[in-house]
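Chemist: My questions concern the predicted model and sequence given below.
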Amino acid sequence: MALFRNFAMFAILLALSCPSVLGSPIPAAQSSLQISTNADSASNFDVAKAKRCVKSIKVGKIRRSYVVNTPAGYGVKPAPLVLVLHGAMANTFAMAWDTRMTEKANQHGFIVVYPRGIGIAKTLMTWNAGDCCGVAKLRNIDDIGFLKVLIKQLREDYNVDSDRIYIAGASNGGMMAYKAAIELSDQIAAIATANGTMMTSELKPGEPVSVLAFHGTKDHIVPYQGGPGGLPFWKIIGTKAADNVKFWVERNKCCADVVRENTGNYVKETYSKGANGTEVCIYLVNGGKHNWPGGRGTIVSSDTAMSKLDATDIICKFFLDHPKVRSTIEARKQ
């Protein structure tokens, strides 16, 4: 028991002293999701008409919770759905605060949902993305089952565009997004990851899914060159960012000829003309650490390299450009 208490205390102190570790920073006074009215919100966004609520569903014997934000104007027509997965040791509030995804979703008309991972007394939460991470991995939590049930429930509760269901994730949440793209490829149109990697051996064939990734070259927790990483109390052996790209380029049958763009301190590589209009794109940030590009956490951790990209804005535009394209047979099943 003493060992467990020491582990928990060490993890909490590490999260507070190193806010970028395996997830988004946790703001000291953040107690609930807030809709921003500052300059980075859409000028025509009516705050009063956006709605936020906390819900839960039972998956097996475990009750799982999630936060839903519906934008102004929701209900007029089917809306895109974006699930945003926090990193290890982070939470839904920190993820919304860091990424500003709620503000961007309101601007673009997305329904945005922040699911909560599994942890200890609602802290140190993680996702079971295969070979990582933490309590979710140790307890062998079926997080794919959770996401599957969650998407089904959201489609019943809200007017969701079934061809525009997306997942974005940071770090361990990015690992989970990769796993979901493989195992829920019949539902997911595209995913986006920030400093995530593939930690699953479930590489079975499936439907094409567009992929957008961001990775810093100085990320020592999930190294972009793969290999050992993680934290003192749990280690990971990650896949090279280039190997993740190669897997999805081949799976989506994209054109092998890459379009490479050098801008400032980052390189953007794009593989297009994939099956069903899919695309694979990665941003490699020179000198970038373990943070959400353009997130508030880059200020907290002085990660100037990652602060020069607005990942959330890029992700929203990428999602809008990549709906699910189905064959006639697939469409009939929906």
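Modeler: Perfect, I can see it now.
Chemist: Only C-alpha atoms from now on, for both contacts and neighbour counts.
Modeler: Will do.
Chemist: which residues in the chain form strands?
Modeler: Counting by DSSP state E, one finds strands in the chain at the ranges 51-59, 62-70, 79-85, 111-115, 118-120, 123-126, 160-170, 190-194, 210-216, 227-231, 234-238, 259-263, 266-271, 280-285.
Chemist: and the longest one, how far out from the chain's middle?
Modeler: The chain centre lies 10 Å from the centre of strand 160-170; the measure is Cα atoms, centre = their mean, to the nearest Å.
Chemist: What would stretch 107-119 look like as CSV? C-alpha coordinates only.
Modeler: Extracted C-alpha coordinates of stretch 107-119, given in CSV (Å, rounded to 0.1, in the frame of the first residue of the first chain):
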residue,chain,number,x,y,z
GLN,A,107,-16.9,28.2,-35.0
HIS,A,108,-17.0,25.3,-37.5
GLY,A,109,-20.3,23.8,-36.3
PHE,A,110,-19.0,20.6,-34.8
ILE,A,111,-20.4,18.7,-31.9
VAL,A,112,-17.3,18.2,-29.8
VAL,A,113,-17.1,15.4,-27.1
TYR,A,114,-14.5,14.9,-24.5
PRO,A,115,-14.5,11.3,-23.2
ARG,A,116,-12.8,10.5,-19.9
GLY,A,117,-10.2,7.8,-19.6
ILE,A,118,-9.7,5.4,-16.6
GLY,A,119,-7.6,6.3,-13.6
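Chemist: ok, residues contacting it?
Modeler: Contacts with stretch 107-119, where a contact means Cα atoms under 8 Å, 6 or more residues apart in numbering, come from 41-42, 45, 64-74, 79-86, 91-92, 95-96, 101-102, 105, 124-127, 135-136, 141, 316.
Chemist: So for it, mean pLDDT?
Modeler: Taken as a whole, stretch 107-119 has a mean pLDDT of 96.
Chemist: Buried residues, it. List them.
Modeler: Using 16 or more other Cα atoms under 10 Å as the test for burial, stretch 107-119 gives 107-119.
Chemist: picking that back up, among the strands of the chain, show me which one is buried the most.
Modeler: With neighbours taken as mean count of other Cα atoms under 10 Å, the strands of the chain reach their highest mean count in strand 190-194, at a mean of 29.
Chemist: Pull that one out as CSV, backbone CA atoms only.
Modeler: Below are the C-alpha coordinates for strand 190-194, written out as CSV (Å, rounded to 0.1, in the frame of the first residue of the first chain):
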residue,chain,number,x,y,z
ALA,A,190,-10.4,10.7,-40.1
ILE,A,191,-8.2,11.0,-37.1
ALA,A,192,-5.6,13.5,-35.9
THR,A,193,-2.8,12.9,-33.4
ALA,A,194,-0.4,15.1,-31.5
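Chemist: what angle sits between that strand and strand 210-216?
Modeler: If you take axes from the mean of the first three to the mean of the last three Cα atoms, to 10 degrees, strand 190-194 sits at 0 degrees to strand 210-216.
Chemist: shift numbering so it begins at 57
Modeler: Got it, first residue is 57 now, which makes that one strand 246-250.
Chemist: how about the helices in this structure?
Modeler: Ranges of helices within the chain are 58-73, 148-155, 157-164, 190-194, 199-213, 228-239, 297-307, 353-356, 367-377, 384-389, based on DSSP state H.
Chemist: Show me where the stretch 207-356 of the chain dips below the pLDDT cut-off.
Modeler: In the predicted model of the stretch 207-356 of the chain, no residue satisfies pLDDT under 70.
Chemist: Same question for the stretch 57-206 of the chain.
Modeler: Residues of the stretch 57-206 of the chain that meet the criterion pLDDT under 70 lie in 57-106.
Chemist: ok, now with 80
Modeler: For the stretch 57-206 of the chain, applying pLDDT under 80 flags the ranges 57-106, 177-178.
Chemist: And Ile371, how far from Leu340?
Modeler: The spacing between Ile371 and Leu340, counted by Cα to Cα, to the nearest Å, is 15 Å.
Chemist: do you know how far Gly129 is from Trp304?
Modeler: To Trp304, Gly129 is 35 Å away according to Cα to Cα.
Chemist: Those two: which is more packed in?
Modeler: Of the pair Gly129 and Trp304, Trp304 is the one with more neighbours under other Cα atoms under 10 Å, namely 24 against 14.
Chemist: The nearest residue to that one once chain neighbours are set aside bridge partners, please.
Modeler: Once flanking residues are discounted, Trp304 sits nearest to Val336: 6.9 Å by Cα to Cα, 6 or more residues apart in numbering. On the basis of DSSP bridges, Val336 is bridged to Val267, Tyr327.
Chemist: what's near enough to touch Val336?
Modeler: Shown in contact with Val336 (Cα under 8 Å, 6+ apart): 266-268, 301, 304-305, 310, 326-328.
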